[in-house]
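Undergrad: starting from these lines, generate the structure:
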Amino acid sequence: MSLTNSQSTSKLDIIAAHILQVIHQLSVTIDSEADNNNDDKSTVSILLISDNKINEPLNQLLSTNNPKLMIHSLSLTEFQDAPFNRRYTLGCLIQPFDPDLVSVNHKIQTQPTSVSYNSIAIKLRDLFAEQSLLLTYTPSSELNFTSLGYIPLTIETSDELPPFISWQFNLYDYKQRPDWLNAKYWANPENFDKYRW
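TA: From the prediction side, this is the model:
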């Protein structure tokens, strides 16, 4: 999974490989649910949010490796102004970087503040995606999404590249079901009119 210039696209290759891995896990779940419901939901819709320098080559990498994907790309400002029109299977926010540079120096590049990243993460999580994926290279001490329910996973890269952090939020399994939330501790409808409380 590489293009012509290996140094400039190695970051994109790592990001694309991670997104494809998440898509594979999602498609297994979607296929098993479709088998149970006798539906055909084999296509996965993706919303990519980043700079156009990243969206276009990443879109090409993803579509060549998985032609069943329906990919929609928006820049950060376009997403902040976008009205809610549909829910995607996977929403990906990729922290902008220059794909032509080997090392990521986030102090040189102009980026939105963490407050706008938080608002994008909230909007993506609550409205636009069943599963959200945020890929950042800023250390989690500076940019942290755990208070929003995202789970961090560090993606190790080569020595020239800084490690990426993958923040994931799945709408359907973000919260563990507590032990007390079952029929044993609550009134059972089948026992109504049988016992006097």
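
Undergrad: drop to CA atoms for contacts and neighbour counts, all remaining ones
TA: OK.

Undergrad: what segments of the protein are strands?
TA: 45-49, 70-74, 88-94, 129-136, 151-155, 164-170 (DSSP state E).

Undergrad: show me the helices in the protein, by range?
TA: 6-37, 52-65, 76-81, 114-123 (DSSP state H).

Undergrad: need those helices in JSON lines (columns: mean neighbour count and distance to Asp179).
TA: Formatted as JSON lines, these follow (neighbours: other Cα atoms under 10 Å; distance: least, Cα to Cα, whole Å):
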{"stretch": "helix 6-37", "mean neighbour count": "16", "distance to Asp179": "25"}
{"stretch": "helix 52-65", "mean neighbour count": "17", "distance to Asp179": "40"}
{"stretch": "helix 76-81", "mean neighbour count": "15", "distance to Asp179": "39"}
{"stretch": "helix 114-123", "mean neighbour count": "16", "distance to Asp179": "28"}
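
Undergrad: in JSON lines: these, plus distance to Ala129 and mean pLDDT.
TA: Below are these laid out as JSON lines (distance: least, Cα to Cα, whole Å; pLDDT from 0 to 100):
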{"stretch": "helix 6-37", "distance to Ala129": "12", "mean pLDDT": "74"}
{"stretch": "helix 52-65", "distance to Ala129": "18", "mean pLDDT": "91"}
{"stretch": "helix 76-81", "distance to Ala129": "13", "mean pLDDT": "90"}
{"stretch": "helix 114-123", "distance to Ala129": "9", "mean pLDDT": "83"}
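
Undergrad: tell me which of those helices sits nearest to Ser45.
TA: helix 6-37 (9.6 Å; Cα to Cα).

Undergrad: ok, the spatially most central residue of the chain to Leu181 distance?
TA: Centroid-nearest residue in the chain: Leu133, 1.6 Å away (criterion: Cα atoms, centre = their mean). To Leu181, Leu133 is 29 Å away according to Cα to Cα, to the nearest Å.

Undergrad: what of Val22?
TA: Val22 is 30 Å from Leu181, by Cα to Cα.

Undergrad: and Pro57, by the same measure?
TA: 46 Å.

Undergrad: for Asp98, same thing?
TA: 48 Å.

Undergrad: of those two, which one has the most company?
TA: Asp98 (16 against 9; other Cα atoms under 10 Å).

Undergrad: hmm, that one is touching Lys53, no?
TA: Yes. Contact criterion Cα atoms under 8 Å: Asp98 and Lys53 qualify, at 7.4 Å.

Undergrad: what about Lys175, neighbour count?
TA: By the measure other Cα under 10 Å, the count of residues near Lys175 is 10.

Undergrad: and it, what does it touch?
TA: For Lys175, the contact set (Cα atoms under 8 Å, 6 or more residues apart in numbering) is empty.

Undergrad: alright, I will stop here.
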